[in-house]
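Novice: sequence and computational prediction follow.
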Amino acid sequence: MPFDEPWWKSSVIYQIYPRSFCDTDGDGIGDLDGVRRHLDHLTWLGVDGLWLSPVFPSPMADFGYDVADYCDVDPVFGDLAAMDSLIGEAHDRGLRVLLDWVPNHTSDRHPWFQAARTSRDAALRDFYMWRDPAPGGGPPNNWRAAFGGDAWTFDDATGQYYLHCFLPEQPDLQWANPEVEAAMHDTLRFWIDRGVDGFRMDVIHLIGKDPALPDDPDDLVELTHVPLNHRPETHPLLRRLRTLLDDAGDRMAVGEVYLLDTAQVAEYYGDDDELHLCFNFPPLFAPWSASAWRSQIRRTEAELGPRGAWPTWVLSNHDNRRHRTRYGTDAAARAAAVLLLTLRGTPFLYAGEELGLQDGTIAPDRVVDPGGRDGCRCPIPWDDSPTHGWATEDPWLPWPPEADVRSVDRLRQDPESILWLYRELLALRRHSRSLRAGTLELLDVGNDDVLAYRRQADGDAARLVLVHMATTDEVRVAGCAGEVECSSAVPGRRGAFDGVLAPGEAVVLRAG
Ligand code: NOJ
């Protein structure tokens, strides 16, 4: 069906954490050939594109978010030829490909940093943010790094501190230096020329910084500097990135704007001349409660609407506990699929949520991530054999709970499984202009435990979405007429809606 919306508005994007997707060479770490092997899973499911977390050469201090070369592939994942094959085969299936671009910082092993640290006069010294110690000694300001400790590390050889908002192995680039901007633009062009459709831009709100580097407020410093860095310097940089992408023809940027206030996030869309899309994390942190979600939706509509900015919705990713784990029940995970795929905006699915995967429990001797995020990165089980479709029984992280019964093969055999529910919802969305592009109006259906909204676009029937977020009793709702098109709790439920929702049930109704 031809869409008249830009592709990044009508798409559903599937996030792949490549280390954890599928290993084909037996080293226990997922690779690009493993992604290529399972592209048919994505098309069967019905998503429109994939975002690959970083696959560039990296010492892996932050599992790829410490990039040592933006224009190559780490051997653990494959090589450029493997990437070219993956992009080609994805495109053959009509899938868009987004790469994860990490502009705020490089690895300390990047040749730029290696050169910059040789002396205070080094040609590339100003690619990074070096400062003298504070008067009286110590770091230049009180900024805290994301994984703990000061955001500054002292370099003995040159007697200055360098800034790193994350690990010491991730020095921050100095985007105020036009040579940094030009060099980073070149890295985007490299991948655009190889055919990628867009980029997820890692902590993009951090690239503009207050040149005076003032202290963060004392009462907020424990938040770390990352969610506090909201600066006007970032916006001209984003406008120039947007021009680059638009000039390259229909390429898209979705920014990780890690600010905890939706009104602030909205500013990074600019006047439709900065990021195409921004992640908005407050809903990801909201509990599974109708009142919390009503206020998140109201907030998102109110803050983004006046700018014409298009929302995004994310329930899980590689940095946070999976929502199946946070919400606590299968019923909630199924109802959450209805919510995610019927909201107004572009949804992002995190690989494994379509299987209802929970976080793994990681024994202390298997913890590898400095940020403690291993649990949501457990490997995807493809079948119920001992290797679960990987080239080894022993991947880099343990298998997630219930890996046998939640493997792709097993769930494919059960049309009532959560996997089929995701597929059904993706098809419903694809074929309904109201769900893809319509307006969203919150409804009061007379029960505080039921989140209800109406989606409506010209040329398509309106859809009512009812999400019962309490799991104890069945409830009756008022004023909702329509034909049931999908139920999270009763897979075969069809026909005229009788006003009753089972405990934890979410439904999509086609309004009469
Ligand atoms: C956000 C990424 O999602 C996270 O995984 C990473 O550790 C930080 N940015 C630093 O790049």
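Specialist: Perfect, I can see it now.
Novice: near the ligand, which residues of the stretch 1-150 of the chain are found?
Specialist: 62, 65, 102 (CB under 6 Å from any ligand atom). Quick note: C-beta positions are derived from backbone N, CA and C, even for glycine.
Novice: is it correct that the last one is in contact with residue 199?
Specialist: No - shown here, residue 102 and residue 199 do not form a contact pair, counting by CB atoms under 8 Å, at 9.9 Å.
Novice: neighbour count winner among those two?
Specialist: Between residue 102 and residue 199, residue 102 has the larger neighbour count (other CB atoms under 10 Å), namely 30 against 25.
Novice: for that one, what are its contacts?
Specialist: 54, 56, 65, 66, 67, 70, 202 (CB atoms under 8 Å, 6 or more residues apart in numbering).
Novice: for residue 378, same thing?
Specialist: 20, 352, 357, 359, 360, 397, 398, 399, 400.
Novice: report how many residues lie close to the third one.
Specialist: Read it as residue 357. 27.
Novice: now the closest residue to it other than its chain neighbours: how far from the ligand?
Specialist: Of all residues not flanking residue 357 in the chain, residue 400 sits nearest, at 4.9 Å (CB to CB, 6 or more residues apart in numbering). Using CB to the nearest ligand atom, to the nearest Å, residue 400 is found at 19 Å from the ligand.
Novice: residue 93 too?
Specialist: Distance from residue 93 to the ligand, by CB to the nearest ligand atom: 26 Å.
Novice: and the residue nearest to that residue when sequence neighbours are not counted, how many neighbours?
Specialist: If the residues on either side of it in the chain are set aside, residue 93 comes closest to residue 43, at 5.0 Å by CB to CB, 6+ apart. For residue 43, the count of nearby residues is 13 (other CB under 10 Å).
Novice: for the residue of the chain found nearest the ligand, give me phi and psi.
Specialist: Residue nearest to the ligand within the chain: residue 65 (3.3 Å; CB to the nearest ligand atom). Dihedral pair for residue 65: phi -80, psi 10, per degrees, to the nearest 10.
Novice: which residues in the stretch 101-250 of the chain form strands?
Specialist: Secondary structure of the stretch 101-250 of the chain by DSSP state E, counting those that start in this stretch: the strands cover 130-131, 152-155, 160-163, 198-201.
Novice: the stretch 301-450 of the chain too?
Specialist: Going by DSSP E, counting those that start in this stretch, the stretch 301-450 of the chain shows strands at 312-314, 346-350, 439-442, 450-456.
Novice: turn the ones you listed into TSV, including mean neighbour count, distance to residue 89 and mean pLDDT.
Specialist: Below are those laid out as TSV (neighbours: other CB atoms under 10 Å; distance: least, CB to CB, whole Å; pLDDT from 0 to 100):
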stretch	mean neighbour count	distance to residue 89	mean pLDDT
strand 312-314	23	26	98
strand 346-350	24	20	98
strand 439-442	16	35	98
strand 450-456	23	34	98
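Novice: I'd say residue 16 and residue 54 touch.
Specialist: No - Residue 16 is beyond contact range of residue 54, at 11.2 Å (criterion: CB under 8 Å).
Novice: that older thread, for the contacts of residue 102, which one is nearest residue 210?
Specialist: Nearest to residue 210 out of the contacts of residue 102 is residue 202 (CB to CB; 20.3 Å).
Novice: report pLDDT for that closest one.
Specialist: Note for residue 202: predicted pLDDT of 98.
Novice: possible to save the strands of the stretch 301-450 of the chain as CSV with distance to the ligand?
Specialist: Formatted as CSV, the strands of the stretch 301-450 of the chain follow (distance: least, CB to the nearest ligand atom, whole Å):
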stretch, distance to the ligand
strand 312-314, 11
strand 346-350, 11
strand 439-442, 27
strand 450-456, 28
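Novice: return the subset of the contacts of residue 102 lying in helices.
Specialist: Among these, no member is found in helices (DSSP state H).
Novice: from those residues, which is closest to residue 93?
Specialist: Taking CB to CB as the measure, residue 93 lies nearest residue 54 of the contacts of residue 102, at 22.8 Å.
Novice: wait, the closest one touches residue 60, no?
Specialist: No - applying CB under 8 Å, one finds residue 54 not in contact with residue 60, separated by 9.9 Å.
Novice: more neighbours: which of those two?
Specialist: Neighbour totals were compared for residue 54 and residue 60, and residue 54 leads with 25 against 18 (other CB under 10 Å).
Novice: dihedrals phi and psi, that one?
Specialist: phi -60, psi 140.
Novice: so who does it touch?
Specialist: 64, 65, 67, 99, 100, 102, 202.
Novice: look up the closest residue to the residue nearest the centre of the chain, ignoring the ones flanking it.
Specialist: The residue lying closest to the centre of the chain (CA atoms, centre = their mean) is residue 317, at 5.4 Å. Residue nearest to residue 317 in three dimensions, not counting chain neighbours: residue 350, with 5.1 Å by CB to CB, 6+ apart.
Novice: show me what contacts the residue of the chain closest to the ligand?
Specialist: Counting by CB under 8 Å, 6+ apart, residue 65 has contacts 54, 58, 100, 102, 166, 170, 202.
Novice: neighbours of residue 365, just the number please.
Specialist: A count of neighbours around residue 365, defined by other CB under 10 Å, yields 5.
Novice: next one: the one 5 residues further on
Specialist: Using other CB under 10 Å, the number of residues around residue 370 comes to 15.
Novice: report the separation between the residue nearest to it when sequence neighbours are not counted and residue 110.
Specialist: Distance criterion CB to CB, 6+ apart; nearest residue to residue 370, sequence neighbours excluded, is residue 147 at 4.8 Å. For residue 147, the distance to residue 110 (CB to CB, to the nearest Å) stands at 19 Å.
Novice: neighbour count: the two, which is higher?
Specialist: Ranked by neighbour count (other CB under 10 Å), residue 147 and residue 110 place residue 110 first, with 25 against 18.
Novice: who in the stretch 301-450 of the chain is up against the ligand?
Specialist: 318, 319.
Novice: for residue 88, grab the count of nearby residues.
Specialist: Neighbourhood size, residue 88 [other CB under 10 Å]: 13.
Novice: pull the contacting residues for it.
Specialist: Listed by CB under 8 Å, 6+ apart, the contact partners of residue 88 are residue 195.
Novice: which strand or helix spans it?
Specialist: Applying DSSP states H and E as the criterion places residue 88 in helix 80-92.
Novice: so for that helix, what gets flagged as buried?
Specialist: For helix 80-92, the neighbour count (16 or more other CB atoms under 10 Å) marks 82, 83, 86, 87, 89, 90 as buried.
Novice: how about CSV for the contacts of residue 378, with pLDDT added?
Specialist: Converted to CSV, the contacts of residue 378 look like this (pLDDT from 0 to 100):
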residue, pLDDT
20, 98
352, 98
357, 98
359, 98
360, 98
397, 98
398, 98
399, 98
400, 98
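Novice: and these, which are buried?
Specialist: Neighbour counting with 16+ other CB under 10 Å marks 20, 352, 357, 359, 360, 397, 398, 399, 400 as buried within those.
Novice: max pairwise distance over the residues you listed: which two?
Specialist: Farthest apart among the buried ones among the contacts of residue 378 by CB to CB are 352 and 398. That separation is 13.8 Å.
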